[in-house]
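Novice: Give me the fold of what follows.
(4 chains)
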2 protein chains.
Amino acid sequence: MTPRTTENGRPAITALPDPPDLPPPLPEPTVANIRLETVLAALSDPLRLRIVRKLLLESEQFDHTCGWFGLDRPKSSLTHHFKALREAGITRQRQYGLERRSHVRIADLNARFPGLLDLVADWTPPER
Amino acid sequence: MTPRTTENGRPAITALPDPPDLPPPLPEPTVANIRLETVLAALSDPLRLRIVRKLLLESEQFDHTCGWFGLDRPKSSLTHHFKALREAGITRQRQYGLERRSHVRIADLNARFPGLLDLVADWTPPER
DNA sequence: TGTTAAGTTCGACTCAAGTCGTACTGAGCG
DNA sequence: CGCTCAGTACGACTTGAGTCGAACTTAACA
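Specialist: Below is the predicted model:
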(Lines give C-alpha, C1' and ligand atoms only; values in the text may rest on other atoms or scores of the structure.)
Protein backbone atom coordinates (compact mmCIF):
# COMPACT_ATOMS: atom_id res chain seq x y z
CA MET A 1 0.00 0.00 0.00
CA THR A 2 1.64 3.18 -1.14
CA PRO A 3 0.63 6.47 0.52
CA ARG A 4 -1.70 8.66 -1.50
CA THR A 5 -0.17 11.96 -2.52
CA THR A 6 -1.58 15.42 -3.01
CA GLU A 7 -1.50 17.61 -6.10
CA ASN A 8 1.96 19.00 -5.36
CA GLY A 9 3.57 15.61 -4.71
CA ARG A 10 3.68 15.85 -0.92
CA PRO A 11 2.44 12.68 0.83
CA ALA A 12 -1.04 13.26 2.22
CA ILE A 13 -1.33 14.05 5.91
CA THR A 14 -2.31 10.79 7.58
CA ALA A 15 -2.25 9.45 11.12
CA LEU A 16 -0.02 6.76 12.64
CA PRO A 17 -1.33 4.44 15.37
CA ASP A 18 -0.60 5.46 18.97
CA PRO A 19 2.05 3.51 20.88
CA PRO A 20 0.63 2.01 24.11
CA ASP A 21 1.20 3.22 27.68
CA LEU A 22 1.19 6.96 27.16
CA PRO A 23 0.55 9.53 29.87
CA PRO A 24 -3.08 10.72 29.68
CA PRO A 25 -3.82 13.70 27.42
CA LEU A 26 -4.41 17.11 28.96
CA PRO A 27 -8.00 18.43 28.81
CA GLU A 28 -9.19 18.77 25.21
CA PRO A 29 -12.50 18.81 23.31
CA THR A 30 -13.94 15.53 22.04
CA VAL A 31 -13.98 15.08 18.27
CA ALA A 32 -17.68 15.92 18.12
CA ASN A 33 -17.08 19.14 20.04
CA ILE A 34 -14.39 20.50 17.76
CA ARG A 35 -15.88 23.65 16.19
CA LEU A 36 -14.85 24.87 12.76
CA GLU A 37 -14.89 28.54 13.74
CA THR A 38 -12.65 27.84 16.75
CA VAL A 39 -10.21 25.81 14.67
CA LEU A 40 -10.05 28.53 12.02
CA ALA A 41 -9.49 31.20 14.66
CA ALA A 42 -6.67 29.17 16.19
CA LEU A 43 -5.06 28.66 12.78
CA SER A 44 -5.40 32.31 11.75
CA ASP A 45 -2.39 33.19 13.90
CA PRO A 46 0.83 32.85 11.86
CA LEU A 47 2.85 31.56 14.81
CA ARG A 48 0.34 28.78 15.48
CA LEU A 49 0.17 28.02 11.79
CA ARG A 50 3.96 27.58 11.85
CA ILE A 51 3.70 25.28 14.86
CA VAL A 52 1.08 23.03 13.28
CA ARG A 53 2.81 23.01 9.92
CA LYS A 54 6.13 22.04 11.48
CA LEU A 55 4.44 19.27 13.41
CA LEU A 56 2.82 17.97 10.23
CA LEU A 57 5.91 18.09 8.05
CA GLU A 58 8.83 17.45 10.37
CA SER A 59 7.73 15.41 13.34
CA GLU A 60 9.62 12.23 12.60
CA GLN A 61 7.90 9.89 15.03
CA PHE A 62 5.85 11.28 17.83
CA ASP A 63 5.21 14.34 19.93
CA HIS A 64 7.50 17.23 20.66
CA THR A 65 8.28 19.68 23.42
CA CYS A 66 7.97 23.45 23.15
CA GLY A 67 11.73 23.73 22.78
CA TRP A 68 11.83 21.52 19.70
CA PHE A 69 10.12 24.22 17.65
CA GLY A 70 12.90 26.73 18.12
CA LEU A 71 10.51 29.63 18.51
CA ASP A 72 12.06 32.89 19.64
CA ARG A 73 9.42 33.83 22.19
CA PRO A 74 9.26 33.84 25.99
CA LYS A 75 7.92 30.73 27.62
CA SER A 76 4.73 32.39 28.81
CA SER A 77 3.84 33.26 25.22
CA LEU A 78 4.43 29.71 24.08
CA THR A 79 2.22 28.35 26.84
CA HIS A 80 -0.51 30.65 25.59
CA HIS A 81 -0.31 29.42 21.99
CA PHE A 82 0.02 25.72 22.76
CA LYS A 83 -2.97 26.00 25.05
CA ALA A 84 -4.98 27.71 22.32
CA LEU A 85 -4.17 24.90 19.89
CA ARG A 86 -5.05 22.21 22.38
CA GLU A 87 -8.30 23.82 23.48
CA ALA A 88 -9.35 24.25 19.86
CA GLY A 89 -8.85 20.50 19.39
CA ILE A 90 -5.96 20.82 16.97
CA THR A 91 -3.20 19.35 19.11
CA ARG A 92 -3.03 16.81 21.90
CA GLN A 93 -0.63 17.40 24.79
CA ARG A 94 0.79 14.84 27.18
CA GLN A 95 2.94 15.33 30.25
CA TYR A 96 6.25 13.42 30.31
CA GLY A 97 7.87 14.26 33.62
CA LEU A 98 8.69 17.93 33.33
CA GLU A 99 8.06 18.15 29.62
CA ARG A 100 4.74 18.68 27.93
CA ARG A 101 4.75 17.23 24.45
CA SER A 102 2.40 18.04 21.58
CA HIS A 103 1.22 16.38 18.41
CA VAL A 104 -1.52 17.14 15.90
CA ARG A 105 -4.80 15.19 16.19
CA ILE A 106 -4.50 14.15 12.59
CA ALA A 107 -7.12 11.40 12.51
CA ASP A 108 -9.66 13.50 14.39
CA LEU A 109 -9.19 16.54 12.17
CA ASN A 110 -9.20 14.54 8.95
CA ALA A 111 -12.46 12.97 10.03
CA ARG A 112 -14.07 16.23 11.02
CA PHE A 113 -12.61 18.65 8.44
CA PRO A 114 -11.20 16.68 5.51
CA GLY A 115 -8.54 18.57 3.62
CA LEU A 116 -7.90 21.21 6.25
CA LEU A 117 -4.56 19.83 7.41
CA ASP A 118 -3.36 19.59 3.83
CA LEU A 119 -3.97 23.32 3.49
CA VAL A 120 -1.88 23.94 6.58
CA ALA A 121 0.91 21.69 5.34
CA ASP A 122 1.02 23.55 2.02
CA TRP A 123 1.03 26.98 3.63
CA THR A 124 4.06 29.18 3.09
CA PRO A 125 4.89 31.66 5.86
CA PRO A 126 4.95 35.36 4.87
CA GLU A 127 8.45 36.43 3.86
CA ARG A 128 10.52 39.07 5.64
CA MET B 1 -21.82 15.42 -17.24
CA THR B 2 -23.19 14.89 -13.76
CA PRO B 3 -21.81 17.04 -10.92
CA ARG B 4 -19.38 15.29 -8.58
CA THR B 5 -20.67 14.98 -5.04
CA THR B 6 -19.01 15.05 -1.64
CA GLU B 7 -19.10 12.42 1.12
CA ASN B 8 -22.41 13.61 2.53
CA GLY B 9 -24.19 13.75 -0.82
CA ARG B 10 -24.11 17.51 -1.29
CA PRO B 11 -22.98 18.57 -4.79
CA ALA B 12 -19.41 19.80 -4.66
CA ILE B 13 -18.87 23.56 -4.58
CA THR B 14 -17.99 24.53 -8.15
CA ALA B 15 -17.97 27.77 -10.11
CA LEU B 16 -20.27 28.88 -12.93
CA PRO B 17 -18.96 31.06 -15.77
CA ASP B 18 -19.45 34.82 -15.41
CA PRO B 19 -22.12 36.46 -17.54
CA PRO B 20 -20.67 39.27 -19.70
CA ASP B 21 -20.99 43.06 -19.14
CA LEU B 22 -20.77 43.21 -15.38
CA PRO B 23 -19.82 46.31 -13.40
CA PRO B 24 -16.13 46.14 -12.38
CA PRO B 25 -15.35 44.43 -9.08
CA LEU B 26 -14.49 46.53 -6.06
CA PRO B 27 -10.83 46.41 -4.92
CA GLU B 28 -9.79 42.89 -3.96
CA PRO B 29 -6.59 40.84 -3.72
CA THR B 30 -5.41 38.89 -6.77
CA VAL B 31 -5.57 35.12 -6.50
CA ALA B 32 -1.85 34.91 -5.82
CA ASN B 33 -2.16 37.43 -3.01
CA ILE B 34 -4.87 35.61 -1.09
CA ARG B 35 -3.30 34.57 2.22
CA LEU B 36 -4.40 31.51 4.12
CA GLU B 37 -4.10 33.16 7.53
CA THR B 38 -6.24 36.09 6.37
CA VAL B 39 -8.89 33.82 4.91
CA LEU B 40 -9.02 31.73 8.08
CA ALA B 41 -9.30 34.86 10.21
CA ALA B 42 -12.16 36.13 8.06
CA LEU B 43 -13.94 32.78 8.30
CA SER B 44 -13.44 32.44 12.05
CA ASP B 45 -16.29 34.88 12.65
CA PRO B 46 -19.64 33.02 12.86
CA LEU B 47 -21.57 35.78 11.13
CA ARG B 48 -19.21 35.77 8.17
CA LEU B 49 -19.25 31.99 8.11
CA ARG B 50 -23.04 32.19 7.83
CA ILE B 51 -22.78 34.70 5.00
CA VAL B 52 -20.38 32.59 2.98
CA ARG B 53 -22.26 29.38 3.66
CA LYS B 54 -25.55 30.91 2.58
CA LEU B 55 -23.93 32.21 -0.59
CA LEU B 56 -22.55 28.75 -1.33
CA LEU B 57 -25.73 26.81 -0.67
CA GLU B 58 -28.57 29.13 -1.57
CA SER B 59 -27.44 31.61 -4.19
CA GLU B 60 -29.58 30.42 -7.09
CA GLN B 61 -27.93 32.30 -9.89
CA PHE B 62 -25.64 35.16 -9.18
CA ASP B 63 -24.68 37.71 -6.59
CA HIS B 64 -26.76 39.11 -3.78
CA THR B 65 -27.27 42.31 -1.87
CA CYS B 66 -26.74 42.75 1.85
CA GLY B 67 -30.49 42.66 2.40
CA TRP B 68 -30.87 39.22 0.80
CA PHE B 69 -29.10 37.63 3.75
CA GLY B 70 -31.73 38.73 6.25
CA LEU B 71 -29.15 39.52 8.91
CA ASP B 72 -30.45 41.37 11.94
CA ARG B 73 -27.63 43.88 12.26
CA PRO B 74 -27.27 47.58 11.53
CA LYS B 75 -26.00 48.50 8.10
CA SER B 76 -22.67 49.78 9.38
CA SER B 77 -21.94 46.36 10.87
CA LEU B 78 -22.78 44.62 7.62
CA THR B 79 -20.52 46.96 5.67
CA HIS B 80 -17.73 45.97 8.04
CA HIS B 81 -18.19 42.23 7.52
CA PHE B 82 -18.70 42.31 3.76
CA LYS B 83 -15.59 44.43 3.45
CA ALA B 84 -13.62 41.95 5.55
CA LEU B 85 -14.71 39.09 3.29
CA ARG B 86 -13.87 40.99 0.14
CA GLU B 87 -10.47 42.17 1.36
CA ALA B 88 -9.59 38.64 2.41
CA GLY B 89 -10.31 37.51 -1.15
CA ILE B 90 -13.30 35.36 -0.24
CA THR B 91 -16.03 37.35 -1.95
CA ARG B 92 -16.23 39.65 -4.95
CA GLN B 93 -18.43 42.72 -4.80
CA ARG B 94 -19.89 44.68 -7.68
CA GLN B 95 -21.86 47.91 -7.67
CA TYR B 96 -25.26 47.80 -9.38
CA GLY B 97 -26.71 51.27 -9.08
CA LEU B 98 -27.28 51.74 -5.40
CA GLU B 99 -26.83 48.10 -4.54
CA ARG B 100 -23.55 46.37 -3.85
CA ARG B 101 -23.84 42.67 -4.63
CA SER B 102 -21.57 39.87 -3.43
CA HIS B 103 -20.65 36.40 -4.51
CA VAL B 104 -18.00 33.90 -3.44
CA ARG B 105 -14.83 33.64 -5.55
CA ILE B 106 -15.37 29.91 -5.88
CA ALA B 107 -12.91 29.17 -8.69
CA ASP B 108 -10.16 31.26 -7.11
CA LEU B 109 -10.57 29.68 -3.68
CA ASN B 110 -10.83 26.15 -5.02
CA ALA B 111 -7.61 26.71 -6.93
CA ARG B 112 -5.78 28.20 -3.98
CA PHE B 113 -7.22 26.21 -1.06
CA PRO B 114 -8.88 23.06 -2.36
CA GLY B 115 -11.51 21.70 -0.02
CA LEU B 116 -11.86 24.82 2.08
CA LEU B 117 -15.22 25.89 0.67
CA ASP B 118 -16.61 22.42 1.18
CA LEU B 119 -15.79 22.74 4.87
CA VAL B 120 -17.69 26.01 4.99
CA ALA B 121 -20.66 24.53 3.15
CA ASP B 122 -20.81 21.62 5.60
CA TRP B 123 -20.55 23.85 8.65
CA THR B 124 -23.47 23.90 11.07
CA PRO B 125 -24.01 27.13 13.00
CA PRO B 126 -23.92 26.89 16.80
CA GLU B 127 -27.44 26.50 18.17
CA ARG B 128 -29.22 29.47 19.76
C1' DT C 1 -35.91 68.74 -8.02
C1' DG C 2 -36.99 66.62 -3.98
C1' DT C 3 -37.48 62.07 -1.78
C1' DT C 4 -36.28 57.53 -0.86
C1' DA C 5 -33.28 53.89 0.04
C1' DA C 6 -28.70 51.10 -0.16
C1' DG C 7 -24.71 51.45 1.49
C1' DT C 8 -20.37 54.07 3.29
C1' DT C 9 -17.62 56.71 6.55
C1' DC C 10 -16.36 58.20 10.90
C1' DG C 11 -15.74 57.96 15.55
C1' DA C 12 -16.64 56.01 20.11
C1' DC C 13 -17.01 52.13 22.92
C1' DT C 14 -16.14 47.40 24.55
C1' DC C 15 -13.93 43.25 24.80
C1' DA C 16 -10.91 39.60 23.45
C1' DA C 17 -6.40 38.28 22.19
C1' DG C 18 -1.44 38.59 21.84
C1' DT C 19 2.84 39.82 24.49
C1' DC C 20 5.68 39.36 28.16
C1' DG C 21 7.85 39.82 33.04
C1' DT C 22 7.70 37.79 37.40
C1' DA C 23 6.66 34.45 40.52
C1' DC C 24 5.40 29.85 41.09
C1' DT C 25 5.09 24.48 40.61
C1' DG C 26 6.83 20.11 40.40
C1' DA C 27 9.82 16.32 38.46
C1' DG C 28 14.54 14.76 38.20
C1' DC C 29 18.87 14.25 40.15
C1' DG C 30 23.09 14.95 42.65
C1' DC D 1 17.66 18.32 50.80
C1' DG D 2 18.48 21.73 47.53
C1' DC D 3 19.49 22.85 42.79
C1' DT D 4 17.95 22.92 37.99
C1' DC D 5 14.87 23.27 34.43
C1' DA D 6 10.19 22.81 31.61
C1' DG D 7 6.41 24.76 31.78
C1' DT D 8 2.28 27.22 34.23
C1' DA D 9 -0.30 31.05 36.46
C1' DC D 10 -1.14 35.58 37.04
C1' DG D 11 -1.43 40.15 35.98
C1' DA D 12 -0.41 44.39 33.26
C1' DC D 13 -0.24 46.40 28.97
C1' DT D 14 -1.36 47.13 24.07
C1' DT D 15 -3.60 46.37 19.93
C1' DG D 16 -7.09 45.09 16.95
C1' DA D 17 -11.71 43.52 16.01
C1' DG D 18 -16.57 43.65 16.47
C1' DT D 19 -20.66 46.77 17.41
C1' DC D 20 -23.23 50.53 16.53
C1' DG D 21 -25.27 55.42 16.04
C1' DA D 22 -25.21 59.41 13.32
C1' DA D 23 -24.14 61.88 9.40
C1' DC D 24 -23.08 61.49 4.66
C1' DT D 25 -23.14 59.90 -0.50
C1' DT D 26 -25.40 58.75 -4.52
C1' DA D 27 -28.57 56.20 -7.81
C1' DA D 28 -33.21 55.79 -9.01
C1' DC D 29 -37.44 57.66 -9.69
C1' DA D 30 -41.69 60.19 -9.37
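
Novice: What about the closest residue to A:Gly115 other than its chain neighbours, how many residues nearby?
Specialist: Once flanking residues are discounted, A:Gly115 sits nearest to B:Gly115: 2.8 Å by Cβ to Cβ, 6 or more residues apart in numbering or on different chains. No exception for glycine: its C-beta is placed from N, CA and C like everyone else's. Counted with other Cβ atoms under 10 Å in any protein chain shown, the neighbours of B:Gly115 add up to 17.

Novice: list the contacts for B:Gly115?
Specialist: Shown in contact with B:Gly115 (Cβ atoms under 8 Å, 6 or more residues apart in numbering or on different chains): A:Pro114, A:Gly115, A:Leu116, A:Asp118, A:Leu119.

Novice: separation between it and DNA strand D?
Specialist: For B:Gly115, the distance to DNA strand D equals 23 Å [Cβ to the nearest atom of the strand, to the nearest Å].

Novice: Next up, phi/psi of that residue, please.
Specialist: phi 100, psi -20 (degrees, to the nearest 10).

Novice: quick one: A:Leu57 is in a helix?
Specialist: Yes - counting by DSSP: H, G, I helix; E, B strand; the rest coil, A:Leu57 is found in a helix.

Novice: Hmm, A:Ala121 and it touching each other?
Specialist: Yes - counting by Cβ atoms under 8 Å, A:Leu57 does reach A:Ala121; the two are 6.0 Å apart.

Novice: Looking at these two, which has the bigger crowd around it?
Specialist: Taking other Cβ under 10 Å, A:Leu57 and A:Ala121 do not tie; A:Ala121 has more neighbours (19 against 13).

Novice: Contacts only, for the more buried one.
Specialist: So, once contact is read as Cβ under 8 Å, 6+ apart, A:Ala121 ends up touching A:Arg10, A:Ile13, A:Arg53, A:Leu56, A:Leu57.

Novice: Just say helix, strand or coil for the second one.
Specialist: With three-state DSSP as the basis, A:Ile13 sits in coil.

Novice: Any idea how many residues pack against it?
Specialist: 20.

Novice: ok, for it, nearest residue in space, not its chain neighbours?
Specialist: In space, and not counting its chain neighbours, A:Ile13 is closest to A:Leu117: 4.3 Å by Cβ to Cβ, 6+ apart.

Novice: ok, residues contacting stretch A:14-33?
Specialist: Against stretch A:14-33 from outside (Cβ under 8 Å, 6+ apart): A:3, A:35, A:62, A:86-89, A:92-96, A:100, A:105-108, A:110-112.

Novice: For chain A, which segments count as strands?
Specialist: For chain A, the strands defined by DSSP state E cover A:91-96, A:99-104.

Novice: near DNA strand C at all, the first one?
Specialist: Meaning strand A:91-96. No - on the criterion Cβ under 7 Å from any atom of the strand, strand A:91-96 is out of touch with DNA strand C, staying 7.7 Å away.

Novice: buried stuff in that strand?
Specialist: A:Thr91, A:Arg92, A:Gln93, A:Arg94 (16 or more other Cβ atoms under 10 Å in any protein chain shown).

Novice: Determine how far it lies from the middle of the whole chain.
Specialist: 11 Å (Cα atoms, centre = their mean, to the nearest Å).

Novice: Around DNA strand D, which positions in chain A sit nearby?
Specialist: Near DNA strand D, when you scan chain A using Cβ under 7 Å from any atom of the strand, you find A:65-67, A:75-76, A:78-79, A:82-83, A:93, A:98-101.

Novice: how does it look with 10 Å?
Specialist: Chain A has residues A:26-27, A:41, A:44, A:63-69, A:74-83, A:86, A:93, A:95-102 near DNA strand D, with proximity defined as Cβ under 10 Å from any atom of the strand.
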